[in-house]
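[1] Let me see the structure of the following:
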Amino acid sequence: MALTGREGEKHGVPGRHKYLRIAEDLREQIADNRIEPGEQVPKQRVLAQQYEVSLVTVQHALKILRAWGLIDEGGKGRGPRVVAGHTTPQTLDDWVAEAFAAADVSLDVWSLTTENLSQIVAQQVVRIRAGKAPVPESIRARVLLPSLVVDHGLPELISDPTDQRPLRRLRGIIRTYARQLEHSLLSVAEYRRRASVRVEIRSLPTLPQQKYYILNNSVALTSLYEVRRNEVREHGDSPPMAIRDLMSSSEPFTWKPTAGGTGQDSAYFHKVREQFESYWSNAEASMDWGE
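    Okay, the predicted model is just below:
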């Protein structure tokens, strides 16, 4: 079960999506001039009450807005203000929406889990159902995930590395969101009779060092993973566990090379694509769900 708001924060899984939603909501307000250039962003305590989150989550959301170049650092006695002449960044939600605007959609993914992507694709399906987005003629998704039957070195319980609970929890997350992603993509065929939808999920006996999203064979979004201390629960009512976890850095992505780019940009895109193809061709032919 996904946890949000203060409840999620108590269980150690808050902000990974909550702060992004807050940042994206504020970004939309800035784009619509509801918060105009030069105007101060609402105070942190006001935002915390509005979104029912902690000050830490609000601070993380503001950090994302600064990374996007939408707000300044603030000054003595005042909070951050909207930067004049800002440019609107593209989040994964934006990139997926743009990819789905094409007649033929392709998604090549190598990731620790598909938790964020599955939720974004589900939202895209809702837009299609509501007539707010076009229905692709074809979708092909190839998803690489860590094996569910290999004893990976991470995550591990700090107090007892032999404890299998963190690994069982990771396997549950991988399994749940991979199936949700597959279901969402296959459901697109319901909205176009002749739509061709193919979803393949394979596994590798290793953990990714960075995530790849190669969209429509034209752009590669990459983001690095880091080993961090995290506090999680195996189940909602179980005691918290302090673990060493593999966690991805926040958007914006580390690099967004495109196939049509020049120089280093194009070279990096083709390298990412070649690396994905090498992983894919050597992966297990189908995901072992490890039930």
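[2] Wait, a helix at A61?
    Yes. Counting by DSSP: H, G, I helix; E, B strand; the rest coil, A61 falls inside a helix.
[3] how close does it get to L70?
    A61 sits at a distance of 11 Å from L70 (criterion: C-beta to C-beta, to the nearest Å). Yep, even glycine has a C-beta here, placed from its N, CA and C like the rest.
[4] and for these two, which residues touch both?
    Both A61 and L70 are in contact with L26, where contact means C-beta atoms under 8 Å, 6 or more residues apart in numbering.
[5] Show me the helices in the stretch 1-150 of the chain, by range?
    Per DSSP state H, counting those that start in this stretch, the stretch 1-150 of the chain carries helices over the ranges 5-10, 15-31, 44-51, 55-67, 92-100, 115-129.
[6] do you know which of the ones you listed lies nearest D151?
    Across the helices of the stretch 1-150 of the chain, D151 has its closest neighbour in helix 115-129 (21.4 Å, C-beta to C-beta).
[7] elements contacting the closest one?
    With contacts defined as 3 or more C-beta pairs under 8 Å, 6 or more residues apart in numbering; DSSP states H and E, the secondary structure elements packing on helix 115-129 are helix 15-31, helix 92-100, helix 165-187.
[8] Could you export the ones you listed as CSV, including distance to V143, mean pLDDT and mean neighbour count?
    Shown next, in CSV, are the helices and strands packed on helix 115-129 (distance: least, C-beta to C-beta, whole Å; pLDDT from 0 to 100; neighbours: other C-beta atoms under 10 Å):
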stretch, distance to V143, mean pLDDT, mean neighbour count
helix 15-31, 19, 74, 19
helix 92-100, 14, 84, 18
helix 165-187, 7, 94, 19
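[9] can you list the ones you listed in TSV and add distance to Q40?
    Converted to TSV, the helices and strands packed on helix 115-129 look like this (distance: least, C-beta to C-beta, whole Å):
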stretch	distance to Q40
helix 15-31	12
helix 92-100	26
helix 165-187	38
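[10] G75 is nearest to which of those?
    Closest to G75 of the helices and strands packed on helix 115-129, according to C-beta to C-beta: helix 15-31, at 18.6 Å.
[11] The closest one - contacts with which helices or strands?
    For helix 15-31, the elements it packs on are helix 5-10, helix 44-51, helix 55-67, helix 115-129, judged by 3+ C-beta pairs under 8 Å, 6+ apart.
[12] Go through those helices and find the least confident stretch.
    For the helices and strands packed on helix 15-31, mean pLDDT drops lowest on helix 5-10, to a mean of 38.
[13] circling back to that earlier point, and of the helices and strands packed on helix 115-129, who's closest to R233?
    helix 165-187 (8.1 Å).
[14] Helix or strand next in line after that closest one, which one?
    Next in sequence after helix 165-187, counting helices and strands by DSSP states H and E, comes strand 196-204.
[15] Provide the strand pairings for that next one, with the direction of each partner.
    Here strand 196-204 has these sheet partners by DSSP bridges: strand 138-146 (parallel).
[16] which element follows the strand it pairs with toward the C-terminus?
    Using DSSP H and E, the helix or strand that follows strand 138-146 in sequence is strand 156-157.
[17] Let's have the helices and strands packed on helix 15-31 in JSON lines, adding distance to V149 and mean neighbour count.
    As requested, the helices and strands packed on helix 15-31 are exported to JSON lines (distance: least, C-beta to C-beta, whole Å; neighbours: other C-beta atoms under 10 Å):
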{"stretch": "helix 5-10", "distance to V149": "29", "mean neighbour count": "15"}
{"stretch": "helix 44-51", "distance to V149": "39", "mean neighbour count": "15"}
{"stretch": "helix 55-67", "distance to V149": "35", "mean neighbour count": "19"}
{"stretch": "helix 115-129", "distance to V149": "20", "mean neighbour count": "19"}
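[18] Quick one: the ones you listed as JSON lines, columns for distance to N33 too.
    Below are the helices and strands packed on helix 15-31 laid out as JSON lines (distance: least, C-beta to C-beta, whole Å):
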{"stretch": "helix 5-10", "distance to N33": "28"}
{"stretch": "helix 44-51", "distance to N33": "19"}
{"stretch": "helix 55-67", "distance to N33": "16"}
{"stretch": "helix 115-129", "distance to N33": "24"}
